[in-house]
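Asks: A structural model of the following input is requested.
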Amino acid sequence: MPTPSVMSEARPTPAPLCLQGTTEFDVEAAGETAGGSGLPRFRMVAYTGGPMRVAGWRHPVILDLAGLAIPSQARPIRFAHDPTSGVGHTDSLRVEGGVLVATGVISRDTPTAREVVTSSKNGFPWQASIGAAVEEFEFVREGQAVTVNGRSFVGPTNVVRKSTLGEISFVDLGADGATSANVLATASPSSGVHSMDAEFSPTPNATTSVLPTAVSPNTVPPLQAATPPVVEHPVAPSPAAASSVEGTGTPARPVEPVGTPAGLPQATVAELRSQAAAEVERIAAVRRHFSGRWPQLEAQAIREGWSEQRAELTVLRELRPTAPAVHLRDNTVNSTVLEAACLLSSKYAGVEQLFEPQTLDLAARRFRGGIGLQELLLEAAWANGYSGRNFRDSRAVLRSAFGRDVEAAFSTIDIGQILATVSNKFLLEGFFSVERVWRNICAVRNVTDFKTVTSYRLIGKDTYEQVAPGGELKHGTLGNETYTNKADTYGLMLSIDRRDIINDDLGAITTVPRKLGRGSGLKINDVFWSVFLNNAAFFTAANKTLLTGADTTLTIDGLTKAEVAFMDQVDSDNQPIGLMPAILLVPTSLSAVASQLFKSLELRDNTPNAKFPITNPHQGKYRVEVGRYLANSRFSGNSSKAWYLLAEPSDLPVIEVAFLNGQESPTIETADADFNVLGIQMRGFHDFGVSLQDYRGGIRCKGEA
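Replies: Residues are numbered from 1 along each chain as shown. Have a look, this model is predicted:
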């Protein structure tokens, strides 16, 4: 079944889509009489209504039989969808119990038709495949349920909601193994051999039933009623009919009717009763399906002799949602599709959460096996008016891709934006791969420019006073304690050179951004810890924020001493600051001890003079943060023994980081390289500033004398 497509000079036609069904055939030689020879007939279950894996579709495909349009009951039967290999035609197409059933005649006089009949007689298990044009389909997300063809399925899957049947083909290998069909031979009426058809079965190994459907023309008068449907129990022929079924050797046993009207042959009465019963059952089935909800359609179905299957199909169409489905015909490659293709090719984690399923499906089908760097640049160049079909003139491709030519005025694809968007994902990977302890112990400020910004702390008369009669409130005073900060710009430029482009290395747009992101993460750590560790004038004994001596090592007693010093802090009015410490910041050498103090209920001292358990009073009190930069000899003020007890930065920060316009991550930009550089340039930059704030927000313990 060919998928709809939008053709262009640069894009190949999508692969055809076919829904296939396994079939079985039971062919007998056609009987020959003086009047002529019969033609082999077939009956098949062409599609069982379930999901199938189809080439060109990323997820399984389910054909909604309620939306399958059948232009006529006579559809061509071919071999392997080849118009030059005709086999026959159908004379009946219907939906029965959620499956598509077709019957017809092998009417073509071709070598292919003769091969199908001969191979079927030899027991070859032919299969069937229907070809249909897809008009509308919808994508069912993973975990969501959908009901199609009377059954429930769970996504991810594609449901073809609207399609038109084209033809049915005999194939030697199908995709749907739950269907069955039989092909039989039919003789002319004058031969005395009755037309036989296999009773439908939903399983491949179903037992076939031989049903005589005609009697002697000498004993049965013509009937005006419609031909009755096939029933489960055979109707016995009159004595004038053939005495046995050809090929079985079983005599036909007549059935004695009860209460036969005088003057009418027994076979005629049985036939009339069978037709009357079938009509009553048909009307009851039609009314059951419509249930009085569509009285006009119900009356039309009864008046025109609709079958139960047609009534059921009509009801399903009436119940079908009217919401518009997704159109497969939109195969336009735009910037979003190219971004999705790049991330899919780079195996980016979480790409399914960044794009719509239709975009991912189109990107996967359009760029099978992944998109290359050259192909990406060519797509952008073509959108900007480039007329070349290959990458031989790489400089011309780059000029058009980045919109430097006149034709780029009508560009729909911005390659610079695509590269920046894709690269930014990997930039953030590199940025967040570096230690980020600084973010857990600092306050964050948003600034709008690169000027110095000042913060004020309310001191002086900042306590509430009793309101005198009359309701007059006393004025507080704004003290002169100020804290400043200022954002600066840090950045770096790297290039994807001509060799990467010629080698079609898509990894270049992932590796370079990762390096730029990691470089930004390293720089912010470098600036932050340089400022934090240069604290000799910040944590001092005069400020009561520096503790020294052998009793300041990180133990229960040392942590208790730091806790007391913190809680004894006072503001400029000599009032307690009223805050509790929240963070225990330690170098890597004290990581294990800090974890014990945080997690353990008790710490046992097993020295010779103190063999007794000690309850840990600090268990679960302070969040442990391990800074890899605290003991790094590259920074002034480093120490492998010193540790810090800090307040929550949102309450009283000891250090602050300011970001321009609140942008906490770096920015990446992409452009065509300068004249003296063959390639693509990428630059990353980050605007931030770091400054110490209020010394009362922390205690520094030297950890030694």
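
Asks: how is the residue nearest to residue 596 when sequence neighbours are not counted assigned, secondary-structure-wise?
Replies: With Cβ to Cβ, 6 or more residues apart in numbering as the criterion, residue 596 has its nearest non-adjacent residue at 6.4 Å, and that residue is residue 603. No exception for glycine: its C-beta is placed from N, CA and C like everyone else's. Assigned by DSSP: H, G, I helix; E, B strand; the rest coil, the conformation of residue 603 is strand.

Asks: and for residue 307, the neighbour number?
Replies: 18 (other Cβ atoms under 10 Å).

Asks: doesn't residue 94 make contact with it?
Replies: Yes - counting by Cβ atoms under 8 Å, residue 94 is a contact partner of residue 307 at 6.8 Å.

Asks: in the stretch 351-500 of the chain, which spans are strands?
Replies: Ranges of strands in the stretch 351-500 of the chain, per DSSP state E, counting those that start in this stretch, are 443-447, 453-457, 481-485, 488-497.

Asks: what's across from the residue nearest to residue 596 in the sheet?
Replies: Under the criterion DSSP bridges, residue 603 forms beta bridges with residue 614.

Asks: repeat that for residue 99.
Replies: residue 96.

Asks: do the same with the one 4 residues further on
Replies: According to DSSP bridges, the partner residues bridging residue 103 are residue 43, residue 92.

Asks: how many neighbours does it have?
Replies: By other Cβ under 10 Å, the burial measure for residue 103, its neighbour count, is 21.

Asks: dump the residue contacts of it.
Replies: By Cβ atoms under 8 Å, 6 or more residues apart in numbering, residue 103 lies in contact with 41-44, 90-92, 197.

Asks: quick check on those: which are buried?
Replies: 41-44, 90, 197 (16 or more other Cβ atoms under 10 Å).

Asks: can you lay out those residues as CSV showing distance to residue 507 and pLDDT?
Replies: Formatted as CSV, these follow (distance: Cβ to Cβ, whole Å; pLDDT from 0 to 100):
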residue, distance to residue 507, pLDDT
41, 60, 86
42, 55, 84
43, 56, 83
44, 51, 83
90, 54, 92
197, 62, 30
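
Asks: which two of those have the greatest separation?
Replies: 90 and 197 (13.6 Å; Cβ to Cβ).

Asks: and whichever strand or helix holds residue 168, what does it pack against?
Replies: Residue 168 belongs to strand 157-171 when elements are defined using DSSP states H and E. Counting contacts by 3 or more Cβ pairs under 8 Å, 6 or more residues apart in numbering; DSSP states H and E, strand 157-171 is packed against strand 61-63, strand 68-69, strand 76-79, strand 82-96, strand 127-140, strand 145-148.

Asks: out of these, flag the one nearest residue 366.
Replies: Comparing the helices and strands packed on strand 157-171 under Cβ to Cβ, the one sitting nearest is strand 127-140, at 15.8 Å.

Asks: what's the burial count for residue 163?
Replies: Per other Cβ under 10 Å, the neighbour tally for residue 163 reads 22.

Asks: that one reaches residue 69, doesn't it?
Replies: Yes - contact criterion Cβ under 8 Å: residue 163 and residue 69 qualify, at 7.0 Å.

Asks: of all the buried ones among the contacts of residue 103, which comes closest to residue 495?
Replies: Distances from residue 495 to the buried ones among the contacts of residue 103, taken by Cβ to Cβ, are shortest for residue 44, at 62.8 Å.

Asks: quick one: the closest one from residue 106, how far?
Replies: Plainly put, residue 44 is 12 Å away from residue 106 if you go by Cβ to Cβ, to the nearest Å.

Asks: residue 637 is in contact with residue 692, correct?
Replies: No - with contact defined as Cβ under 8 Å, residue 692 does not count as touching residue 637 (11.9 Å).

Asks: okay, and the common contacts of those two?
Replies: residue 535.

Asks: comparing these two, which shows the higher neighbour count?
Replies: For residue 692 and residue 637, the more surrounded residue by other Cβ under 10 Å is residue 692, and the numbers stand at 20 against 16.

Asks: now the more buried one: phi and psi?
Replies: phi -70, psi 150 (degrees, to the nearest 10).

Asks: identify the bridge partners of it.
Replies: Bridge pairing for residue 692 - DSSP bridges - gives residue 655.

Asks: that one: what's it in contact with?
Replies: 531-532, 535, 538, 654-656.

Asks: most surrounded residue in those?
Replies: residue 654 (27 neighbours).

Asks: got phi/psi on it?
Replies: phi -90, psi -20.

Asks: quick check: the gap between it and residue 422.
Replies: Distance from residue 654 to residue 422, by Cβ to Cβ: 39 Å.

Asks: so residue 636 is in contact with residue 534, correct?
Replies: Yes - at 5.6 Å, residue 636 and residue 534 qualify as touching, with contact defined as Cβ under 8 Å.

Asks: so these two - more neighbours on which side?
Replies: Legend: neighbour count by other Cβ under 10 Å for residue 636 and residue 534, higher for residue 534 (13 against 10).

Asks: wait, isn't the more buried one in contact with residue 637?
Replies: Yes - the pair residue 534 / residue 637 is scored as a contact, 5.6 Å apart, by Cβ under 8 Å.

Asks: how close does residue 347 get to residue 516?
Replies: Distance from residue 347 to residue 516, by Cβ to Cβ: 20 Å.

Asks: between these two, which is the more surrounded one?
Replies: Neighbour tally, residue 347 and residue 516, criterion other Cβ under 10 Å: the higher count belongs to residue 516, 28 against 9.

Asks: list the contacts for the more buried one?
Replies: 427, 430, 492, 494, 666, 668, 682-684.

Asks: which pair in these spans the largest distance?
Replies: It's 430 and 683 that sit farthest apart of those, by Cβ to Cβ, at 14.5 Å.

Asks: pick out whichever of the two has more residues nearby.
Replies: Applying other Cβ under 10 Å to residue 430 and residue 683 shows that residue 430 carries more neighbours, namely 23 against 15.

Asks: I'm done for today, thanks for sticking with me.
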